[in-house]
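K.L.:
Test case, fold it:
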Amino acid sequence: MAMAAWKRAGVCLTAAAVVVGLAGCQDGDGGGSKKKAGASSGSAAQSRTEAAEVLQAAFKKTSEAKSSKVRMTIETSGAAAQGGTMEMSGVQGWDPAVMDVTMKGGGFAAAGPGAPEQMRVIMLDGVMYMDMGAEQAAEMDGKRWVKMDFKALADATGDPKIQKQMTGGLENMNQDPAQQLALLLESPSLKHVGPEKVDGVEAQHYKGTLSFEEMIDANTSFDLLSKEERDELVATAEKSGMKGYDTEIWVNEDDLPVKMVVGMTMAQGTTKMTSHFSDYGAKVEVEAPPAGETFDFMEMLEELQSLGAGGTA
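P.N.:
Residues are numbered from 1 along each chain as shown. Model prediction:
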């Protein structure tokens, strides 16, 4: 085949890492700030209070909107940059969580010759569908879509810890701007930067920083873990050089986010995610691909096992 089974799997995992991995970074508590920031005084405290009031209003408006168009760029530097820059654009919905986007970038090229230059990705009911293109369909009896059911994958591992981590974030698998607002509200350093124009729209710029441990405390997906598991996760992050999350949000006059930037620093490099949002309330009609055109990722894993570690299809 023009694309070996392991290359197809690599492309799928690249797409999944972008959608699911980033969702974990963007998961707030789903209801605004859970705790008060650390002690501060004077104008700094007043500034944070005023910023929090604006973002609370933005959280409410964004939650009610339930959908938007999104355009995202993920940039990496250092050793983490081997996958290159990834771009994603399309429509998304939250409550319920759905997504229909097109992804492209260096991460796919890393899978080798025959990998698609871009890929359409659909998220629906906790399942991710990836369009591998016409070439894939010709090689797989007309099946161009790969289906990745995360709950099924979690169950297949037989590892309770992995199951908790994977299924705990199922409802957050799209880049929900309301959740990022909730997370930023937890930042003790939250502040108002000032007015700026974004995509031709007047907006107010806010920013804040969360340590990895503060992010864990604010993220309800990690409530499924025991104290020992949480401590282990924090220790692992510290060993990897994870410094925390720097978040910036621009809110327009309608109390809706028009741009978000999330930066992460680790020992192997940095990651910066820049998202632009528009058309809040846009109609999102997402349907799963026909079953006859779909190939299950679990079957792909079985195929890889039959081929062996170095096999080609």
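
K.L.:
Give me the mean pLDDT for whichever strand or helix holds residue 16.
P.N.:
Using DSSP states H and E, residue 16 sits within helix 5-16. Mean pLDDT, computed over helix 5-16, is 67.

K.L.:
Quick one: the strands in the stretch 201-313 of the chain, in order.
P.N.:
201-210, 244-252, 257-266, 269-278, 294-296 (DSSP state E, counting those that start in this stretch).

K.L.:
what about these, which gets the closest to residue 49?
P.N.:
strand 201-210 (12.7 Å; CB to CB). (Each C-beta comes from the backbone N, C-alpha and C, glycine too.)

K.L.:
Enumerate residues external to that closest one that contact any of its residues.
P.N.:
51, 54-55, 183-184, 186-197, 218, 244-253, 258-259 (CB atoms under 8 Å, 6 or more residues apart in numbering).

K.L.:
Run me through the strand neighbours of that strand, direction for each.
P.N.:
strand 191-198 (antiparallel), strand 244-252 (antiparallel) (DSSP bridges).

K.L.:
Quick check: residue 145 vs residue 133, distance?
P.N.:
10 Å (CB to CB, to the nearest Å).

K.L.:
same check, this time on residue 282
P.N.:
Distance from residue 282 to residue 133, by CB to CB: 26 Å.

K.L.:
between those two, who's got more neighbours?
P.N.:
Neighbours were counted for residue 282 and for residue 133 using other CB atoms under 10 Å; residue 133 has more, 19 against 15.

K.L.:
Quick check: phi and psi at the more buried one.
P.N.:
Residue 133 adopts backbone torsions of phi 100, psi 170, taken as degrees, to the nearest 10.

K.L.:
And the pLDDT at it?
P.N.:
81.

K.L.:
Once you drop chain neighbours, what's closest to it?
P.N.:
residue 116 (4.7 Å; CB to CB, 6 or more residues apart in numbering).

K.L.:
my read: that neighbour touches residue 11, true?
P.N.:
Yes: Residue 116 lies in contact with residue 11 (CB atoms under 8 Å); the separation is 6.7 Å.

K.L.:
Now list whatever residues contact both of these two.
P.N.:
108, 132.

K.L.:
List the buried residues of the top strand by length along the chain.
P.N.:
Criterion DSSP state E: the longest strand present in the chain is strand 67-78. Residues 67, 68, 69, 70, 71, 72, 73, 74, 75, 76 are the ones in strand 67-78 that count as buried (16 or more other CB atoms under 10 Å).

K.L.:
Adding distance to residue 226 and pLDDT as columns, could you present the residues you listed in TSV?
P.N.:
Formatted as TSV, the buried residues of strand 67-78 follow (distance: CB to CB, whole Å; pLDDT from 0 to 100):
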residue	distance to residue 226	pLDDT
67	35	93
68	36	94
69	39	94
70	34	93
71	39	94
72	33	92
73	36	91
74	31	87
75	35	86
76	32	80
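
K.L.:
From those, pick the one nearest residue 139.
P.N.:
residue 74 (28.8 Å).

K.L.:
Can you check the pLDDT for the residue nearest to that closest one when sequence neighbours are not counted?
P.N.:
Distances taken as CB to CB, 6+ apart put residue 86 closest to residue 74, at 4.4 Å, once the chain neighbours are dropped. Per-residue confidence at residue 86 stands at 86 (pLDDT).

K.L.:
before we move on, what about the one 10 residues further on?
P.N.:
Residue 96 is assigned a predicted lDDT (pLDDT) of 80.

K.L.:
is it fair to say it lies in a strand?
P.N.:
No: Residue 96 sits outside any strand when classified using DSSP: H, G, I helix; E, B strand; the rest coil, being coil.

K.L.:
ok, now which ones touch it?
P.N.:
Residue 96 sits next to residue 125 when contact means CB under 8 Å, 6+ apart.
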